[in-house]
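In: Structure for the following, please:
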Amino acid sequence: MALVCLTGWTASGQDWAKAKLDKSPRHGEWVDVKNGARTVHCFVVYPEVKTPSPAVIVIHEIFGLTDWARDVADQLAEAGYIAIAPDLLSGAAPNGGGSIELGTQESIRAIQKLPPDQITGDLNAAADYLKALPSCNGKLAVAGFCWGGGQTFRFACNRPDLKAACVFYGPSPTDASLMDKIKCPVYGFYAGEDARITASVPKTEEMMKASGKTYEPVTYEGAGHGFMRAGENPDATEKNKDANKKAHDEGWERLKAVLGKL
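Out: Got it, this is the predicted structure:
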């Protein structure tokens, strides 16, 4: 399962994403939020605006909270939104560490062992933190990628005050009854060369329609799983790198258009 997420990934990390973060003029900071007895380490970035803003939760890939995931939060802040990227592997490493201490392969193994209720609790804690900020106008959306895309769909089933859920190449719930709990539009961003995920879209459309919910999927032909990360990697070498770049650019513009409706 994990191997299909590796498009554009190199074992040496994401130095290009970190370099972008280091040059960002926006205010980013680490905060700890509480989910019961758990402490969830989160990266928050603020837009440079005059009035309170909508907020977006960024749910990371199966690799944990990487520099690229934090850069997504920064890009959302650049677009005018408060963004929080919680490390859902907080406390999973020895001595209470998280994604950074685990590294790529250990993060992949650890993330698949996370209890679903813990994930939901962590995301609720991040959401509550955002909504309590004086600089937040109370409107909340979520966007997640790969594993985080699946968690985005799950969170839409569990968080009734969301205004939008943006699922990037993540699996959909298979229990049709869960769709009845969704209160916000769900927007899907899928890759044409990713049958493991994209083949389930017609069934998801059927279930969402039966529940009377808004579900708007878009498939980017020629792109591979992970195109939002791979599409902005300057060192990309995969055969479909041009399609990934095109999908990334179109996907990012669509994401901003969706959030602009909040």
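
In: C-alpha only now, for contacts and for neighbours.
Out: Will do.

In: Next, give phi and psi for residue 163.
Out: With angles defined as degrees, to the nearest 10, residue 163 sits at phi -100, psi -20.

In: i'd like the first residue to be 8 from this point on
Out: Understood, numbering begins at 8; the last thing we discussed is residue 170.

In: tell me the contacts of it?
Out: Counting by CA atoms under 8 Å, 6 or more residues apart in numbering, residue 170 touches 146-148, 190-192, 269.

In: any idea of the pLDDT on it?
Out: Residue 170 is assigned a predicted lDDT (pLDDT) of 98.

In: Just want the most central residue of the chain.
Out: Against the mean C-alpha coordinate of the chain, by CA atoms, centre = their mean, the closest residue is residue 151 at 1.9 Å.

In: All the helices of the stretch 8-157 of the chain, residue numbers only.
Out: Ranges of helices in the stretch 8-157 of the chain, per DSSP state H, counting those that start in this stretch, are 22-30, 74-85, 106-118, 123-139, 154-163.

In: deepest of the ones you listed, which one?
Out: Highest mean neighbour count of the helices of the stretch 8-157 of the chain: helix 154-163, a mean of 25 (counted as mean count of other CA atoms under 10 Å).

In: Residue 47: which of the helices of the stretch 8-157 of the chain is closest?
Out: helix 123-139 (6.6 Å; CA to CA).

In: can you list contacts of the closest one?
Out: Contacts of helix 123-139 (CA under 8 Å, 6+ apart): 40-42, 47, 49, 62, 64, 89, 91, 93, 95, 143-147, 162, 165-166.

In: swap in stretch 74-87?
Out: Contacts of stretch 74-87 (CA under 8 Å, 6+ apart): 21-22, 24-25, 27-28, 31, 33, 35, 50-56, 60, 63, 65-68, 89-92, 236, 263.

In: In ChimeraX, how would I select the buried members of those?
Out: Paste this into ChimeraX to select the buried members of these, with burial taken from 16 or more other CA atoms under 10 Å:
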select :21,24,25,28,33,35,50,51,52,53,54,55,60,63,65,66,67,68,89,90,91,92,236
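
In: rewinding a little: would you list the helices of the stretch 8-157 of the chain in CSV and tack on mean pLDDT and distance to residue 245?
Out: Listed next are these as CSV, based on pLDDT from 0 to 100; distance: least, CA to CA, whole Å:
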stretch, mean pLDDT, distance to residue 245
helix 22-30, 95, 17
helix 74-85, 98, 18
helix 106-118, 94, 20
helix 123-139, 98, 32
helix 154-163, 98, 21
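
In: What is the distance between stretch 140-160 and the centre of its chain?
Out: On the basis of CA atoms, centre = their mean, to the nearest Å, stretch 140-160 sits 7 Å off its chain's mean C-alpha point.

In: just stretch 206-226 next, same as before
Out: A distance of 19 Å separates the C-alpha centroid of stretch 206-226 from that of its chain, computed with CA atoms, centre = their mean.

In: Could you do stretch 93-107 as well?
Out: 18 Å.

In: ok, and for it, which residues are buried?
Out: Buried residues in stretch 93-107 (16+ other CA under 10 Å): 93-100, 105-107.

In: ok, now stretch 197-205?
Out: Applying 16+ other CA under 10 Å to stretch 197-205 flags 197-201, 204-205 as buried.

In: Show me which pair in the buried residues of stretch 93-107 is furthest apart.
Out: Spatial extent of the buried residues of stretch 93-107 (CA to CA) is set by the pair 93 and 100 at 15.3 Å.

In: Any figure for the gap between residue 222 and residue 87?
Out: 25 Å (CA to CA, to the nearest Å).
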